[in-house]
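Asks: for reference, the sequence and a predicted model appear below.
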Amino acid sequence: MKQRVVTGVLGGAGFLALLVWGGYAFAGLLLLLAVIGMYEYNRMNRMNPNGLSAGVALIGTILLVFPWSVWTNWSPNWEAIAWVTLFALFAITVLSKNKVQLDQVALLFAGMVYIGAGFQYMLLTRLSEHGLFWTLLICVCIALTDSGAYFTGRLMGRTKLWPSISPNKTVEGSIGGIVVSIVAACCFTLYAPELLSVGQAVRLGLVIAVVGQMGDLIQSAYKRVRGIKDTGSLLPGHGGVLDRFDSWLIVFPFIHLLGLLP
């Protein structure tokens, strides 16, 4: 527990510092996390992370997350990156005479989109107008959803939410996490009422909590299928990048695709 707390405090402080700094620093951090996350994903799926197909998927992930608007005046179309990467992966199945099989290609492409798009939308949020405000709001709501669900579940949890996937999660805990997330989002209206109305805050808090918990369950289900506890050991006591950012990788794209940010 002590190791978990120390890692959480130090890691959280470092992440917050780079988030506030923004620009090159935050973009570089997300790029690094995406590379590590893809490595964890390949290892979790028992694929050689140094193989040609894994390398192609990694390049596609990097191109998706790369902060083009920060470091260049040119920005490629992300659909083109995804399609060219998919074509290259398909070509490898042919050139390898099916030593690299179609199910491997599907897993690699899914990982590229999951990790690449997730970190890409985190970066887009931070680089947007009032980006620090919106990024902090989403991050705080995600973190407090987890805490609210944990403590509510400990105090009042009776009904198992999804025992075959995550035996410790309860319906009561899930509802508690949603309520805490909505309250947290509404608190941001006190700081900047001109940016966020109460109605917007309620919608954001609700969506972040529900989608964030689903992201957590998705990763839990995947790890259970693969028979592993953590995706990595980068953060002692917390696991790997995919363990810590499972909700984030789902929430940030969802918020943008639903048009919930101005």
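Replies: Structure received.
Asks: the longest helix belonging to the chain packs against which elements?
Replies: If you go by DSSP state H, the chain has its longest helix at helix 198-226. For helix 198-226, the packing partners by 3 or more Cβ pairs under 8 Å, 6 or more residues apart in numbering; DSSP states H and E come out as helix 23-44, helix 131-156, strand 166-170, helix 171-191, helix 246-257. All C-beta atoms are positioned from the backbone trio N, CA, C, and that covers glycine.
Asks: tell me which of those is the most buried.
Replies: helix 246-257 (a mean of 22; mean count of other Cβ atoms under 10 Å).
Asks: how far off helix 198-226 does that one point, in degrees?
Replies: 140 degrees (axes from the mean of the first three to the mean of the last three Cα atoms, to 10 degrees).
Asks: and the contacts of helix 246-257?
Replies: 114-115, 117-122, 124-125, 138-139, 142, 145-146, 204, 207-208, 211-216, 218-219, 242, 261 (Cβ atoms under 8 Å, 6 or more residues apart in numbering).
Asks: and if we set it to 6 Å?
Replies: For helix 246-257, contacts defined as Cβ atoms under 6 Å, 6 or more residues apart in numbering pick out 117-118, 121-122, 142, 208, 211-212, 215-216, 219.
Asks: stretch 160-170 now?
Replies: 153, 157, 159, 171, 174, 217, 220-221.
Asks: so how far is it from its chain's centroid?
Replies: 21 Å (Cα atoms, centre = their mean, to the nearest Å).
Asks: re the thing from before, make a markdown table out of the contacts of stretch 160-170 and add pLDDT and distance to residue 196.
Replies: Shown next, in a markdown table, are the contacts of stretch 160-170 (pLDDT from 0 to 100; distance: Cβ to Cβ, whole Å):
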| residue | pLDDT | distance to residue 196 |
| --- | --- | --- |
| 153 | 85 | 29 |
| 157 | 74 | 31 |
| 159 | 83 | 33 |
| 171 | 88 | 29 |
| 174 | 91 | 24 |
| 217 | 89 | 28 |
| 220 | 84 | 31 |
| 221 | 86 | 33 |
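Asks: which of these sits closest to residue 57?
Replies: The nearest member of the contacts of stretch 160-170 to residue 57, counting by Cβ to Cβ, is residue 221 at 21.6 Å.
Asks: which residue is the nearest non-sequential neighbour of the closest one?
Replies: Of all residues beyond its chain neighbours, the one nearest residue 221 is residue 165 (4.7 Å), with distances taken as Cβ to Cβ, 6 or more residues apart in numbering.
Asks: and for that neighbour, the neighbour number?
Replies: 17 (other Cβ atoms under 10 Å).
Asks: buried residues in stretch 66-73?
Replies: By 16 or more other Cβ atoms under 10 Å, the buried positions in stretch 66-73 come out as 66-67.
Asks: hmm, who's touching that stretch?
Replies: 27, 75, 123.
Asks: now do the SS call for the second one.
Replies: Assigned state for residue 75: coil (three-state reduction, DSSP: H, G, I helix; E, B strand; the rest coil).
Asks: which ones are touching it?
Replies: 68-69.
Asks: so what pLDDT did it get?
Replies: On pLDDT, residue 75 comes in at 74.
Asks: measure it to residue 59 for me?
Replies: 17 Å (Cβ to Cβ, to the nearest Å).
Asks: please apply the same query to the last one.
Replies: Spatial separation of residue 123 from residue 59 under the definition Cβ to Cβ is 18 Å.
Asks: which one of those two has more residues nearby?
Replies: residue 123 (26 against 16).
Asks: with adjacent residues omitted, what lies nearest to the more buried one?
Replies: Nearest one to residue 123, counting by Cβ to Cβ, 6+ apart, is residue 30 at 5.3 Å.
Asks: show me what contacts the one you found?
Replies: For residue 30, the contact set (Cβ under 6 Å, 6+ apart) comprises 65, 119, 122-123.
Asks: same check on residue 206?
Replies: Residues counted as contacts of residue 206 (Cβ under 6 Å, 6+ apart) are residue 182.
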